[in-house]
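[1] output the structure for:
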Amino acid sequence: MQDHSRYSEHTSRLPIILVAGVSALVVALGGGTAAFLSRQALLPQSTQTTQGPSDQALDPASESTARVYWLQDTGTSLELAPRPVQVAANASPSVALERAFTTLLTAQPTGEQASTIPAGTQLRSLSVKEDGVHVDLSENFTQGGGSASMTGRVAQVLYTATSLDPDAPVWISIEGKPLEVLGGEGITVAQPLTREAFQQDFRL
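    Numbers count the residues shown, from 1 in each chain. A predicted model of the protein is given here:
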């Protein structure tokens, strides 16, 4: 009888022990889960972002550069100041230079830069051939100004025409006739004209 009582008491404690053990296990697991989640929160999250369409810069290979030459007063003399003119890379040299001359004859220079090419001067034709660059201008090009103005405008035309090839000879004509003498002071213009020859014969 006494043994039966001890057995009953022992068996009645088993559920309590089991419940306590399970509870402890749950608490332990819960704490581990919480710690795991806390660590996950502290870890840097790798996110994938989808980039929207962006402004695409023009590939430099898709452009070529011709230049327009303005005149700038340094205080003691004039100097040539180049400014780029962007054209498509597949444009022919003639098209690129025509674009540059259109800017030279119609655009207004900025800042302290100037042009001595008379207003109304037009580009009648331009071609790039084996013997050099041929530029035909309207009669307005020869009008007005003294020797400094005449020299300046010849330099502007010469350097703009050779902006793609600095060593190219330039043939300048007025209304289809070769330009040999410019202005009332009789400035002689060599045909063809090169940058090297201009630097030897003229001073801005």
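[2] check which element follows the lowest-mean-pLDDT helix or strand in the chain along the chain.
    Ranked by mean pLDDT, DSSP states H and E, the weakest helix or strand in the chain is helix 2-42, scoring a mean of 42. Going down the chain from helix 2-42, the next helix or strand is strand 63-73, by DSSP states H and E.
[3] what packs against that next one?
    For strand 63-73, the elements it packs on are strand 78-88, helix 93-106, strand 113-114, helix 147-161, judged by 3 or more Cβ pairs under 8 Å, 6 or more residues apart in numbering; DSSP states H and E. Where C-beta positions appear, they are placed from N, C-alpha and C, glycine not excepted.
[4] which of these has the highest mean neighbour count?
    Mean neighbour counts were taken over the helices and strands packed on strand 63-73 using mean count of other Cβ atoms under 10 Å, and the top value, a mean of 22, falls to helix 147-161.
[5] average pLDDT across that one?
    Across helix 147-161, the average pLDDT comes to 95.
[6] ok, then the element right after it?
    strand 170-174.
[7] and the pLDDT for the residue lying closest to Val189 once chain neighbours are set aside?
    In space, and not counting its chain neighbours, Val189 is closest to Leu179: 5.1 Å by Cβ to Cβ, 6 or more residues apart in numbering. Note for Leu179: predicted pLDDT of 95.
[8] what do you get for Leu80?
    At Leu80, pLDDT is 97.
[9] same question, Ser62
    pLDDT, read off for Ser62, is 44.
[10] what of Gln199?
    95.
[11] let me see the contact set for Leu71.
    78-81, 109, 113-116, 152, 155-156, 204 (Cβ atoms under 8 Å, 6 or more residues apart in numbering).
[12] repeat for Asn140
    The contact partners of Asn140, taken as Cβ under 8 Å, 6+ apart, are Pro118, Ala119, Gly120, Thr121, Gln122.
[13] which one (most neighbours) among the residues you listed?
    Thr121 (22 neighbours; other Cβ atoms under 10 Å).
[14] that one belongs to a strand, doesn't it?
    No. According to DSSP: H, G, I helix; E, B strand; the rest coil, Thr121 belongs to no strand; its state is coil.
[15] and Leu193, bridged to which residues?
    As for beta bridges, Leu193 partners with Val170 under DSSP bridges.
[16] distance of it relative to Leu164?
    16 Å (Cβ to Cβ, to the nearest Å).
[17] same thing with Thr102?
    To Leu164, Thr102 is 15 Å away according to Cβ to Cβ.
[18] Pro84 too?
    Taken as Cβ to Cβ, the span from Pro84 to Leu164 is 12 Å.
[19] which neighbours do these two have in common?
    Ala66.
[20] biggest separation within the contacts of Leu71, which pair?
    Largest separation among these by Cβ to Cβ: Pro109 and Leu204, giving 15.3 Å.
[21] how about the closest residue to Ile187 other than its chain neighbours, what does it touch?
    Spatial nearest neighbour of Ile187, chain neighbours left out: Met150 (5.1 Å); criterion: Cβ to Cβ, 6+ apart. Contacts for Met150 (Cβ under 8 Å, 6+ apart) come out as Thr116, Leu182, Gly183, Glu185, Ile187.
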